[in-house]
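Undergrad: With the sequence up front, the predicted model follows.
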Amino acid sequence: MIITKDILKAEIDKIQDGYLEILYRIIQAFIKPLDIVPMSASKTTEWQNFINQTYGCLADDPIERPDQGEYEVRERIGVQIFRFDCQI
């Protein structure tokens with residue numbers, strides 16, 4: 001099934017008013033993607049120099065992760081915010 005704008009509009013009409021702001025933000029995220037600014041050559045070189053200077057600085061005293069122990073078992077939270085039924 002090909003999803004068209006008309007199908008989406010029909011589904012939007014079924015959404016409860018309480019979810020409209022969330023839906024609007026999701027749509028806006030697709031319309032206005034994040035502005036990703038590429039690093040300039042000088043910033044890239046600066047970053048590479050930092051990595052080269054600090055790489056291996058903990059070789060004589062490596063970071064260790066001790067045993068995490070027992071985790072407490074908690075009651076499951078039964079909250080459902082979104083439910084998506086997708087048929088492809």
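TA: Sure, I can see it. Numbers count the residues shown, from 1 in each chain.
Undergrad: Quick check: pLDDT value at Asp35.
TA: Looking at Asp35, its pLDDT stands at 67.
Undergrad: Show me the shaky parts of the protein.
TA: 33-35, 37, 39, 79-88 (pLDDT under 70).
Undergrad: can we see that at 90?
TA: Within the chain, the ranges that satisfy pLDDT under 90 run 1, 25-88.
Undergrad: where does the most far-flung residue of it relative to its centre fall, phi/psi-wise?
TA: Largest separation from the mean C-alpha position in the chain: Asp60, at 35.4 Å (CA atoms, centre = their mean). The phi/psi pair for Asp60 (degrees, to the nearest 10) reads phi -80, psi -20.
Undergrad: Quick one: neighbours of Tyr19, just the number.
TA: When neighbours are counted by other CB atoms under 10 Å, Tyr19 registers 13. Backbone N, C-alpha and C define where each C-beta goes, glycine included.
Undergrad: Spell out the secondary structure type for it.
TA: Secondary structure, DSSP: H, G, I helix; E, B strand; the rest coil: Tyr19 is helix.
Undergrad: and what of Ala29?
TA: Under three-state DSSP, Ala29 comes out as helix.
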